[in-house]
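**Student:** Test case, fold it:
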Amino acid sequence: EPNRKAAFGSVGRRIPYRIVHVISQDGESLGNMHRAEALKLMDQHDLKLVLLRENTEPPVYRLMTGQQIHEEQLKRAEKKKASPKPGMYIKELSFSSAIAKNDLETKTKQIAQWIEKKYHVKVTIRQTK
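**Tutor:** Residues are numbered from 1 along each chain as shown. Coordinates of the predicted model:
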């Protein structure tokens, strides 16, 4: 499944690339190194390797603690919740300014239902002469 986006987390010892670019847990670049060196460094400091950018040459990995990985996963989850979902529905409703009271109440209830379902609602009021 080449199009599947991997979840953010430790790659463990599964690094498919021979040469990788490694960033320390402090954010400093440690340069390009062979995957064996990266794994040795990971074991020495008791850290985990996390893939940051796969589409670069060489791929970028970062050494992180379990706590840092968890915090980053939470940040990404919050960001994903905040972004609009594909296929977001926009409901449009238009009525005249001379609308009857009962009709207005009915349309108001409909708008409230749409908002509960997380739809975006656009209301247009036409002015009558």
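**Student:** Please count neighbours and contacts with C-alpha atoms only from this point.
**Tutor:** OK.
**Student:** any idea how this structure splits into domains?
**Tutor:** Domain ranges of the chain: 19-82, 90-126, per the TED database.
**Student:** out of the ones you listed, deepest packed?
**Tutor:** Of the domains of the chain, the one with the most neighbours on average (mean count of other C-alpha atoms under 10 Å) is domain 19-82, at a mean of 15.
**Student:** Chain neighbours aside, what residue packs nearest to residue 88?
**Tutor:** Excluding the flanking residues, the one nearest residue 88 by C-alpha to C-alpha, 6 or more residues apart in numbering is residue 119, at 7.1 Å.
**Student:** mind checking how far the one you found is from residue 112?
**Tutor:** For residue 119, the distance to residue 112 equals 10 Å [C-alpha to C-alpha, to the nearest Å].
**Student:** just residue 50 next, same as before
**Tutor:** From residue 50 to residue 112 the distance is 44 Å (C-alpha to C-alpha).
**Student:** Check residue 63 too.
**Tutor:** Per C-alpha to C-alpha, residue 63 is found 48 Å from residue 112.
**Student:** try residue 64
**Tutor:** On the measure of C-alpha to C-alpha, residue 64 and residue 112 end up 45 Å apart.
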